[in-house]
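>>> what's the 3D shape of this:
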Amino acid sequence: MSNIVQLTVENFQQVILEQSKSSLVLVDFWAEQVPESIELKNKLETVAAQRSNDFVLALVDCQADQQIAMQFGIQGLPTAIFIKDGQPVDGIAGPQTDEQLTE
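As a prediction, the model looks like this:
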């Protein structure tokens, strides 16, 4: 099973509430019209593929799933938030270097 999922209203509860109990979930918010958010999404997908046992990457297309972005109170893109046990524990906003992402 891949550790990269497309987060939707339908699987929100399962990914955010259930999966975050057993592993860290990184929710990445992106939109087609924000190039920096696509760049971050691509970098995170690469990191997630290399570190598949460390966390689950949940991608949110803010165009298609605005409700999820609103639920998290997303102000701008790119934004990514770590979720553990259903709660946000850390996050990043704005363009990130590869070094910052690795941390």
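
>>> What ranges does the protein have for its strands?
For the chain, the strands defined by DSSP state E occupy 4-6, 24-30, 55-61, 79-84, 87-93.

>>> Include mean neighbour count when you put those strands into a markdown table, please.
Every residue, glycine included, has its C-beta placed from N, CA and C. Formatted as a markdown table, the strands of the chain follow (neighbours: other Cβ atoms under 10 Å):
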| stretch | mean neighbour count |
| --- | --- |
| strand 4-6 | 15 |
| strand 24-30 | 24 |
| strand 55-61 | 23 |
| strand 79-84 | 20 |
| strand 87-93 | 14 |
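
>>> Those strands: which one's closest to Lys41?
Across these, Lys41 has its closest neighbour in strand 24-30 (4.5 Å, Cβ to Cβ).

>>> What's the separation between Cys62 and Gln50?
25 Å (Cβ to Cβ, to the nearest Å).

>>> more neighbours, the two?
Cys62 (21 against 9; other Cβ atoms under 10 Å).

>>> and the strands of the chain as CSV, adding distance to Glu103 and mean pLDDT?
Shown next, in CSV, are the strands of the chain (distance: least, Cβ to Cβ, whole Å; pLDDT from 0 to 100):
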stretch, distance to Glu103, mean pLDDT
strand 4-6, 20, 96
strand 24-30, 13, 96
strand 55-61, 13, 97
strand 79-84, 12, 96
strand 87-93, 9, 91
